[in-house]
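Q: this is a predicted model, with the sequence first.
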Amino acid sequence: MSYLTFDRIRNYSNTLGRAFTQNEHAKKYTKKTPVFLSYWHEDQELIKAVIGFLAQFGRSVHIDWLPNQIPRTTNATTASSIKEKIMASTKFIVLATPNSIESKWIPWELGIADGKKGLNSIAILPIVQSSTVWKEKEYYGIYNVIEEQVAGQWTVVSPNGGNRALRTWLEG
């Protein structure tokens, strides 16, 4: 078992740039509801690569930093818009980086998803320095985690130890 590392995701960014473009195209022309990606805005340099990584498993991803998605100054309207996007998505993924603990929005978004979607529709995607070490937040332990079980075989591992292929989980 291993986690996605910063080096690996940055290597993906060159080859997965097309997947990002396809993601934006798919959101416009498909009836599939995008996955909601919750992340710390300071991690924006990773987002295109993460979207590309997830797109290879067949789903588009909602992000709020593209033009006209979320205003610079947040307010109740912002919160309502985010809540609607979370409710409309079928899956919810938290991008967990060492710095994402600083986000004020991730715990709020996760709370909305937890209350409305249930544990089976939520997964944590850790991005770490070392593929075998992740210092998770204590409450992340109740959620599914996206891990690589065997080279190239990404799975969603539940807290009870069961797992499903990432593609299967995203489709379900």
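A: Cool, the structure landed.
Q: so, low pLDDT: which residues of the protein?
A: 12-33, 64-72, 136 (pLDDT under 70).
Q: give me that answer again for 50
A: Where the chain drops to pLDDT under 50, the residues are 23, 26-31, 67.
Q: can you show me the helices along it?
A: Using DSSP state H, the helices of the chain run over residues 6-15, 17-29, 44-55, 76-88, 105-117, 166-171.
Q: could I get those helices as TSV with mean neighbour count and distance to Asn144?
A: Any C-beta I mention is one placed from the backbone N, CA and C, and that applies to glycine too. Putting the helices of the chain into TSV (neighbours: other CB atoms under 10 Å; distance: least, CB to CB, whole Å) gives the following:
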stretch	mean neighbour count	distance to Asn144
helix 6-15	14	19
helix 17-29	15	22
helix 44-55	21	14
helix 76-88	14	16
helix 105-117	17	12
helix 166-171	18	7
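Q: can you list those helices in TSV and add distance to Val61?
A: TSV is the format used below for the helices of the chain (distance: least, CB to CB, whole Å):
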stretch	distance to Val61
helix 6-15	14
helix 17-29	6
helix 44-55	5
helix 76-88	11
helix 105-117	14
helix 166-171	10
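Q: looking at the ones you listed, which is nearest to Thr132?
A: Closest approach to Thr132 among the helices of the chain (CB to CB): helix 6-15, 12.7 Å.
Q: ok, the residue positioned nearest the centre of the chain to Asn75 distance?
A: The structure's the chain has its C-alpha centroid closest to Ile93; by CA atoms, centre = their mean the separation is 3.3 Å. Applying CB to CB, to the nearest Å, the value for Ile93 to Asn75 is 25 Å.
Q: go on, Lys91?
A: 27 Å.
Q: compare these two (neighbour count), which wins?
A: Legend: neighbour count by other CB atoms under 10 Å for Lys91 and Asn75, higher for Lys91 (24 against 8).
Q: quick check: the gap between the more buried one and Lys104.
A: Using CB to CB, Lys91 is found at 23 Å from Lys104.
Q: one more: Ser38?
A: Remark: distance between Ser38 and Lys104 (CB to CB) = 12 Å.
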